[in-house]
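[1] got a sequence here, can you model it:
(one chain, ligands or ions: 2)
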Amino acid sequence: MDIFMSSLSKTSASPYQDIEVEDKSSDVVWHNASVSHEQRVAAQGHKPAVLWFTGLSGSGKSTVANAVDKLLYDLGCKTYLLDGDNVRHGLNGDLGFSDKDRVENIRRIGEVSKLFVDAGLLVSTAFISPFVADRDLVRQLLADKQFIEVFIDTPLEVCEERDPKGLYKKARAGEIKNFTGIDSAYELPKLPEIHVKTAEKSIKACAEQVVNYLIVNGYIQSKNRAKKASSCE
Ligand SMILES: Nc1ncnc2c1ncn2[C@@H]1O[C@H](COP(=O)(O)OS(=O)(=O)O)[C@@H](OP(=O)(O)O)[C@H]1O
Ligand SMILES: Nc1ncnc2c1ncn2[C@@H]1O[C@H](COP(=O)(O)OP(=O)(O)O)[C@@H](O)[C@H]1O
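    Ligands and ions are numbered 1, 2, ... in the order given. Okay, the predicted model is just below:
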């Protein structure tokens, strides 16, 4: 009974209370959850955060984010992967590639990421997210150290050479308008937490660079690594 009462008393307050948002629904009231954020985090055994992969199309965001997600999953972490192409099939299927739509795309993904972090997960997101202001807005949405900007830094020439979906060829031929790096801007990250140069190392090495950052900075605890070691025996 005591345990039940004490867990109920740690309710989860609104994480939006310090943030100014344009609120079009003034008659809604935040409902506190019975399970707190702290309780959810304690159940995971690692710290929650968003690994925000940003970079040009073809730079390697999806490939590296996927490899990182698999490494983390194998380490026993609770993870989720949000990928630009996939999210644009559903939640953001109404958005195109005008600057305005890209801003709204990133705003929604920021909010979704925040929910996953609240649930205690290590979330990897792979969106071009071309504008500094939008990436910074997501950073502000999250608590300190919960937003980790991962710059997938691959020269345009290399991305164009890779052209995994044939989109650069179409953009050069004028068949796709507003293509990032061709006729739509990409603003370089100013101070990313992790700077990955995919033209200089393997996919595996890129993914390990990201996971090492999480280990060195205390996001992943030794129990996760011990778990992996024993599962490999
Ligand atoms: N005009 C234009 N510019 C850039 N990219 C385009 C465009 N049209 C379609 N695509 C495909 O959409 C993927 C990018 O979606 P994102 O949601 O990541 O873009 S953004 O963050 O809103 O800028 C992108 O995926 P990635 O190649 O994985 O980056 C493309 O496959
Ligand atoms: N070191 C590397 N890191 C990531 N991708 C690489 C690397 N070397 C080659 N590639 C290739 O580059 C392409 C990147 O495509 P993708 O991951 O879809 O990029 P994005 O999600 O940024 O559009 C893939 O075909 C991948 O196999």
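[2] can we go C-alpha only for contacts and neighbour counts from here?
    Noted.
[3] now do the phi/psi pair for the nearest residue to Lys177 once chain neighbours are set aside.
    Leaving out its chain neighbours, the residue that sits closest to Lys177 by Cα to Cα, 6 or more residues apart in numbering is Ala171, at 6.5 Å. Torsion angles at Ala171 (phi, psi; degrees, to the nearest 10) stand at phi -60, psi -40.
[4] give me the neighbour count for Ala171.
    Look at Ala171: counted by other Cα atoms under 10 Å, it has 17 neighbours.
[5] and if you look at Ser202?
    Residues near Ser202, counting by other Cα under 10 Å: 12.
[6] and it, how far from Gln209?
    Distance of Ser202 to Gln209, computed by Cα to Cα, to the nearest Å: 11 Å.
[7] quick one: name the residues of the chain near ligand 2.
    The chain has residues 56-64, 162, 164, 198-199, 201-203 near ligand 2, with proximity defined as Cα under 6 Å from any ligand atom.
[8] weed out the non-buried ones from these.
    56-62, 64, 198-199, 203 (16 or more other Cα atoms under 10 Å).
[9] so which bits of this protein are right by ligand 1?
    56-58, 84-85, 97, 102, 105, 127-130, 177-180.
[10] may I ask which helix or strand of the protein has the lowest mean pLDDT?
    Lowest on mean pLDDT, DSSP states H and E among the helices and strands of the chain sits helix 2-9, with a mean of 36.
[11] which is the next helix or strand following that one?
    Reading on from helix 2-9 to the C-terminus, the next helix or strand found by DSSP states H and E is helix 37-44.
[12] residues contacting the next helix or strand after that next one, please?
    Next in sequence after helix 37-44, counting helices and strands by DSSP H and E, comes strand 49-54. With contact meaning Cα atoms under 8 Å, 6 or more residues apart in numbering, strand 49-54 is reached by 61, 65, 113, 117, 120-130, 145-152.
[13] list the buried ones in whichever helix or strand comes after strand 49-54?
    Remark: after strand 49-54, the chain's next helix or strand is helix 61-74, criterion DSSP H and E. By neighbour count with 16+ other Cα under 10 Å, helix 61-74 contains the buried residues 61-62, 64-73.
[14] how close does the nearest residue to Ser129 once chain neighbours are set aside get to Leu122?
    Take Ser129 and drop its neighbours on the chain: the residue closest to it by Cα to Cα, 6+ apart is Thr54, 5.9 Å away. Separation of Thr54 from Leu122 (Cα to Cα) stands at 16 Å.
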